[in-house]
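A.B. asks: build me a model:
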Amino acid sequence: MKIDVDKCNGCRACELICSAFHAAPKYSSANPERSRIRVFFDPLKNIYVPVLAGEYTEAECNGRSIYTINGKEYDECSFCRASCPSRELFKEPDSDLPLKCDMCEERSPGEEPLCVQWCINDALTYEEREEEGEEEGKLKEMEVGLESLVKKYGAKTVRDTLARIAKAKD
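C.D. replies: Take a look at the predicted model:
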């Protein structure tokens, strides 16, 4: 999701359609408190700023703590940053559980999320995000393994061994 704050006029159509989509039953009511997108006015810059309940929003806590909400434990790493239980910005009004944008997951393939469709000024645009590739995952695993080897045998030994292996492959 891309947000162009210069195009946002603060109409809050995105909030309305999002909350209606997530109502039970669907479209039965509109309550901006249930919306996974909120529009805020920044008086210093004189602009409206749409904020998405998603991983692009900075969280208060970047650690791996466990939070308890209504007797249920949550590891904030399983929530996106905006939905971290330590935040008040995006919480379900009835249950107080964190909200997270699901990009209207029930939409048809190729269809944009409703907030994008309803944005009359094109302040919101949607682009499919590429998932972390297998190659990146393998590189991270290799990095963890190398760090473990460096701890055990020292950086010089690991470096020399890698150089010897690389030379043998050439």
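
A.B. asks: domain parsing of the chain, as residue ranges.
C.D. replies: As assigned by automatic domain parsing, the chain contains the domains 2-125, 134-169.

A.B. asks: quick one: end-to-end distance for the first one.
C.D. replies: Meaning domain 2-125. Using CA to CA, to the nearest Å, the end-to-end distance of domain 2-125 comes out at 5 Å.

A.B. asks: point out where this structure drops to low pLDDT.
C.D. replies: Filtered on pLDDT under 70, the chain yields the residue ranges 54-88, 129-135, 137.

A.B. asks: all helices of it, in order?
C.D. replies: 13-21, 114-118, 134-153, 155-169 (DSSP state H).

A.B. asks: mind putting those into TSV with distance to residue 48?
C.D. replies: Using the backbone N, CA and C atoms, a C-beta is placed for each residue, glycine as well. Output for those, formatted as TSV (distance: least, CB to CB, whole Å):
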stretch	distance to residue 48
helix 13-21	11
helix 114-118	14
helix 134-153	35
helix 155-169	51
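
A.B. asks: just name the most buried of these.
C.D. replies: With neighbours defined by mean count of other CB atoms under 10 Å, none of the helices of the chain is more surrounded on average than helix 13-21, at a mean of 21.
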